[in-house]
Structure formats: C-alpha cells, structure tokens
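> Let's see this in three dimensions:
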Amino acid sequence: MTMPNRFRAALVIAAAGLAGCAPGAWNEQSEFDQFIYKLQSVCPYARAGQWQMYSGGAQLVNNATFLDLTSRLYYGKISRTQYASGVAAQTFGREDDPAIQCVFNNLPARSSDGAGPGPMYAPPPPQNR
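A predicted model of the protein is given here:
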C-alpha cells in the first residue's frame, strides 16, 4: 500500500516544522517547563513591552514566540543578546525590559566546561580565510 502524495507531502512539511522548534518545546514536564513555572511565580508582573510575564491580559508565558525564544536561550541555541533583541521586537519593548531581565536572572547556572543544566552559548569558531 502506498501513501498518497498529498499525505506524504503533509508529513514532510510537519516534520520540517517540528525540526525547527527549540529542544523541549513539545516535551511536557521538561526542565524547561519547570523553568517557565518558576518565572510565573517569581516575576508574574514583569513586563516586556505591553506584555506581562504571567498576570493579567496578554501573558508572555502563553505566547508561542516568547516560549520558543526562551527555550532556545535555555538550551544554549541563542545568545542573551539575540534573545533580548527577539523578545523586544516581538513585544514592541526594549532589550532591558524587566521580563527579559527576570529570565536572565533565573537561568540555571552552568559549569565552566559547559556540562550541567541551563544554557551555554558559544559563538562559532573563527573562520580562516
């Protein structure tokens, strides 16, 4: 039995979309989920632009872009500068808004060798030309 071409194309598109997500994005109760729960409790009123972390109307913890960027930061896929810029652009805020600082202040520590929980961002090695 062969798969119809439309079904096969839909599977390929879905797989490509999921591959672009940050680690832990679809894993319930991951370390990242625990990090988000912590942010909700320690800084629920912190704002980025017009968005509050957890309390009130527009909540950052329910915003897919915020969660994706925060997951990428948490797992060391982007730098703090890239994160702050992305969240500020998404929320029409500033890179030093309190919600962004709350995320930075609550990131788990990492050992100097890069082992252990939390993010570690290393820029790409210089290219010899």
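> Tell me which residues touch residue 87, please.
Applying CB atoms under 8 Å, 6 or more residues apart in numbering to residue 87 gives the contacts 48, 66, 69, 70, 93, 95, 97, 99, 100. C-beta here means a position set from N, CA and C on the backbone, and glycine is covered the same way.
> now, which of those residues sits nearest residue 81?
Distance to residue 81 across these (CB to CB) is lowest for residue 95, with 8.0 Å.
> Surely that closest one and residue 84 touch.
Yes - applying CB atoms under 8 Å, one finds residue 95 in contact with residue 84, separated by 3.9 Å.
> between the two, who's got more neighbours?
Counting neighbours by other CB atoms under 10 Å for residue 95 and for residue 84 shows that residue 84 has the greater number, 23 against 16.
> And the more buried one, how far from residue 64?
As judged by CB to CB, to the nearest Å, residue 84 and residue 64 stand 18 Å apart.
> for residue 109, same thing?
Residue 109 is 27 Å from residue 64, by CB to CB.
> Looking at the two, which is more packed in?
residue 64 (10 against 7).
> Redo the contacts of residue 87 as a markdown table? Include pLDDT, secondary structure and distance to residue 42.
Conversion of the contacts of residue 87 to a markdown table gives the following (pLDDT from 0 to 100; DSSP: H, G, I helix; E, B strand; the rest coil; distance: CB to CB, whole Å):
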| residue | pLDDT | secondary structure | distance to residue 42 |
| --- | --- | --- | --- |
| 48 | 93 | strand | 15 |
| 66 | 92 | helix | 16 |
| 69 | 95 | helix | 19 |
| 70 | 94 | helix | 14 |
| 93 | 94 | coil | 19 |
| 95 | 96 | coil | 20 |
| 97 | 96 | coil | 16 |
| 99 | 94 | helix | 11 |
| 100 | 96 | helix | 14 |
